[in-house]
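Pasting a predicted model and its sequence here:
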Amino acid sequence: MINNSTKILLLSTLMGGMLISISSNSWLGAWIGLEINLLSLIPLMSTNKNMYTTESSMKYFIVQALASSTLLFLIISKSMIEELYMVSDNYLSSVIINTPLLLKSGAAPFHWWFPSIMEGLSWNNCFILMTIQKIAPLMLISYLMIMNSFMWMIILMSIIIGAIGGLNQISIRKILTYSSINHMGWMLTAMIIGENMWIMYFLVYSMLILTIIMIVNSHRISFINQTFLMSNEMSTMKFLMFTTLLSLGGLPPFVGFLPKWIIMQFMIINEMNFIISLMVVMSLMTLYYYLRMCYASFMILSNEPKWNVQFYSNKIIPMVMILSSMSMFGLILCTLMTSIF
């Protein structure tokens, strides 16, 4: 929650760094934007209330500094060979420039830092890390997106590791982390279709993540077994949370299925049948651990303790209901609009 001028300043510079990075016409300018973005987030991550945040912010700084220094080295090396900061669209350039950007965005197999850092952050910082911090690296990756064997390996590993990694987790933060890795694979695949496609996928994903984090943050939930105690008197909130989770998993009646549907149609038309079959099976595995949370929470009842709901939780109900309604009825509205126009 933004409650002082320092956080407002840091959030402004964080967004400014992201905008500098995606609007720059040179790779050096993009690097500068990524550094401003990184140095704005580190103070936001650290807090005296939780001893794990210092460890997470240090890990995050080391990993991102490694990726940034590697990117700067590669940019300078390429600019010495080619014309002023312009990287040609060939296989080698795509691989070497995309590698540090994939490390920054947390795609597999460069995901090793992501779960441990997420575990030590507050829910607000988790949202920033899963959504806002991915915008600049993904936009830069889309500039050099060439569908070669390297990118297909990244896509398949992200989808497989994101699905399998979340199966044995009890922490909701880690479940959402591995879900984010899985969605990274789908977003990279969406870049084949075009820039508008992956941006639409990212916006739908961000809306669903925001809805889930608003609910779990207001109820102070961090683990699956705590969902048993979640507002048994206010079952509407629990229902909204789990319909949003199912939408995030890509269940057809919900809007989370829409971008996956478009990607599946495109890949089937282009005869990429094996890859899309594997992606759909892995998405079903992610849906399994969402259903496990839903099933356990709805079937097991217990009393609700007084500390479970914060005093401001009633204020978020209208916002959560609006976002969840968009999740539940978005696919129907999109289909109707397509049929009419």
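Thanks, I have the structure now. Residues are numbered from 1 along each chain as shown.

List the single closest residue to the spatially most central residue of the chain in space, sequence neighbours excluded.
For the chain, the residue nearest the mean C-alpha position is residue 130 (3.8 Å; Cα atoms, centre = their mean). Counting by Cβ to Cβ, 6 or more residues apart in numbering, residue 180 is the residue found nearest to residue 130 once chain neighbours are left out, at 5.0 Å. Quick note: C-beta positions are derived from backbone N, CA and C, even for glycine.

can you pull the contacts of the one you found?
106, 114, 130, 162, 209 (Cβ atoms under 8 Å, 6 or more residues apart in numbering).

Please compute how far stretch 21-41 lies from its chain's middle.
Here stretch 21-41 shows a centroid-to-chain-centroid distance of 20 Å under the convention Cα atoms, centre = their mean, to the nearest Å.

typed the wrong thing, it's stretch 114-124
So, by Cα atoms, centre = their mean, the centroid of stretch 114-124 is 13 Å from its chain's centroid.

Name the residues of it that are buried.
By neighbour count with 16 or more other Cβ atoms under 10 Å, stretch 114-124 contains the buried residues 114-115, 117-123.

Now do the end-to-end distance for it.
16 Å (Cα to Cα, to the nearest Å).

For the chain, which segments count as helices?
Using DSSP state H, the helices found in the chain span residues 5-23, 27-45, 51-81, 91-105, 114-119, 123-127, 133-143, 149-165, 172-193, 195-218, 235-249, 257-269, 273-299, 313-340.

Output those as CSV; include the columns mean pLDDT and distance to residue 225.
Formatted as CSV, the helices of the chain follow (pLDDT from 0 to 100; distance: least, Cβ to Cβ, whole Å):
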stretch, mean pLDDT, distance to residue 225
helix 5-23, 92, 32
helix 27-45, 93, 27
helix 51-81, 89, 20
helix 91-105, 86, 31
helix 114-119, 92, 16
helix 123-127, 93, 18
helix 133-143, 93, 29
helix 149-165, 93, 20
helix 172-193, 93, 10
helix 195-218, 92, 13
helix 235-249, 85, 14
helix 257-269, 92, 29
helix 273-299, 85, 8
helix 313-340, 74, 20
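
quick one, which of the ones you listed is packed in tightest?
When those are scored by mean count of other Cβ atoms under 10 Å, the highest mean neighbour count falls to helix 172-193 (a mean of 24).

Distance from the chain centre to that one, please.
In terms of Cα atoms, centre = their mean, the centre of helix 172-193 is found 6 Å from the chain centre.

Can you dump the C-alpha atoms of that helix in CSV for me?
Coordinates of each C-alpha in helix 172-193 appear next as CSV, following Å, rounded to 0.1, in the frame of the first residue of the first chain:
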residue,chain,number,x,y,z
ILE,A,172,0.9,-20.0,-2.8
ARG,A,173,3.9,-17.8,-3.7
LYS,A,174,5.8,-20.7,-5.2
ILE,A,175,2.7,-22.0,-7.0
LEU,A,176,2.1,-18.6,-8.6
THR,A,177,5.9,-18.4,-9.4
TYR,A,178,5.9,-21.7,-11.3
SER,A,179,2.6,-20.6,-13.0
SER,A,180,4.4,-17.4,-14.1
ILE,A,181,7.2,-19.5,-15.6
ASN,A,182,4.6,-21.6,-17.5
HIS,A,183,2.9,-18.5,-18.8
MET,A,184,6.2,-17.1,-19.9
GLY,A,185,6.4,-20.0,-22.4
TRP,A,186,2.9,-19.2,-23.7
MET,A,187,3.9,-15.5,-24.0
LEU,A,188,7.0,-16.3,-25.9
THR,A,189,4.9,-18.4,-28.2
ALA,A,190,2.4,-15.6,-28.7
MET,A,191,5.3,-13.4,-30.0
ILE,A,192,5.3,-15.6,-33.1
ILE,A,193,1.8,-14.3,-34.0
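
Please look at residue 106 and residue 183 and confirm they touch.
No. Look at residue 106 against residue 183 with Cβ atoms under 8 Å: they stay out of range, at 10.6 Å.

about what we covered before: out of the buried residues of stretch 114-124, who's nearest residue 147?
Nearest to residue 147 out of the buried residues of stretch 114-124 is residue 114 (Cβ to Cβ; 24.2 Å).

what about the closest one, distance to residue 162?
10 Å (Cβ to Cβ, to the nearest Å).

Give me the common contacts of these two.
In contact with both residue 114 and residue 162: 180-181, using Cβ under 8 Å, 6+ apart.

Can you give me the domain assignment for this structure?
1-146, 147-341 (automatic domain parsing).

quick one on the thing from earlier: need the helices of the chain in a markdown table with distance to residue 226, can you?
Putting these into a markdown table (distance: least, Cβ to Cβ, whole Å) gives the following:
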| stretch | distance to residue 226 |
| --- | --- |
| helix 5-23 | 27 |
| helix 27-45 | 23 |
| helix 51-81 | 17 |
| helix 91-105 | 29 |
| helix 114-119 | 15 |
| helix 123-127 | 13 |
| helix 133-143 | 26 |
| helix 149-165 | 21 |
| helix 172-193 | 8 |
| helix 195-218 | 9 |
| helix 235-249 | 12 |
| helix 257-269 | 28 |
| helix 273-299 | 9 |
| helix 313-340 | 14 |
